[in-house]
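Participant: sharing a model that was predicted from the sequence below.
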Amino acid sequence: HVTNFSIGREITITWTDPTTGTLPDGFLLKASTGSYSSVTDPSDGTVETTSSTIKYVSYGVQTATFSSLSENTTYYIKIFPYTNSGSNINYKTSSPEQTSITLD
C-alpha cells in the first residue's frame with residue numbers, strides 16, 4: 001500500500017513575459033495572507049530567501065507554484081521583475097502586477 005497519501009494545497013500562477021523594452025532576467029513572486037499592502041517590496045541589492053510564499057522564476061518560464069499552503073486562507077500575490085543578480089539585483093517595484101486567491 002501507499003504511504004504519505006494526502007491532498008496538497010497549492011496555487012499555480014501563470015503569466016506572459018514582456019517582449020519589448022528592457023527585458024528582465026527573472027521575476028520574484030511574493031505572497032502574504034494579510035493584504036496586498038503586507039506584501040513588502042524587495043530591496044535592490046538584496047536577494048530574498050525563498051520559501052513557500054517567496055519564489056524566483058527565470059525569464060521564459062512563465063509559471064510558478066506555491067505549495068504547502070493553508071486551507072480557508074486568502075493569499076495576496078505580487079510579481080516583481082528584476083535584472084542582474086546577487087548584490088547587483090535590481091527590482092522593478094513600481095506598480096507590480098498582483099492577484100489573490102482563497103483556498104477552500
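Facilitator: Arrived safely, thanks for sending.
Participant: contacts, neighbours, all on C-alpha from now
Facilitator: Noted.
Participant: who's in contact with the longest strand along the chain?
Facilitator: Longest strand in the chain by number of residues (criterion: DSSP state E): strand 73-83. Strand 73-83 is contacted from outside by 23-36, 39, 89-93, 96-104, using CA atoms under 8 Å, 6 or more residues apart in numbering.
Participant: repeat the analysis, applying 6 Å as the threshold.
Facilitator: By CA atoms under 6 Å, 6 or more residues apart in numbering, the residues outside strand 73-83 that reach it are 24-33, 35-36, 89-92, 96-103.
Participant: for stretch 87-101, same thing?
Facilitator: For stretch 87-101, the surrounding residues in contact (CA under 6 Å, 6+ apart) are 44-45, 74-83.
Participant: nearest residue to the middle of the chain?
Facilitator: In the chain, the residue lying closest to the centroid (CA atoms, centre = their mean) is residue 29, at 1.6 Å.
Participant: quick check: closest non-adjacent residue to it.
Facilitator: Residue nearest to residue 29 in three dimensions, not counting chain neighbours: residue 79, with 4.5 Å by CA to CA, 6 or more residues apart in numbering.
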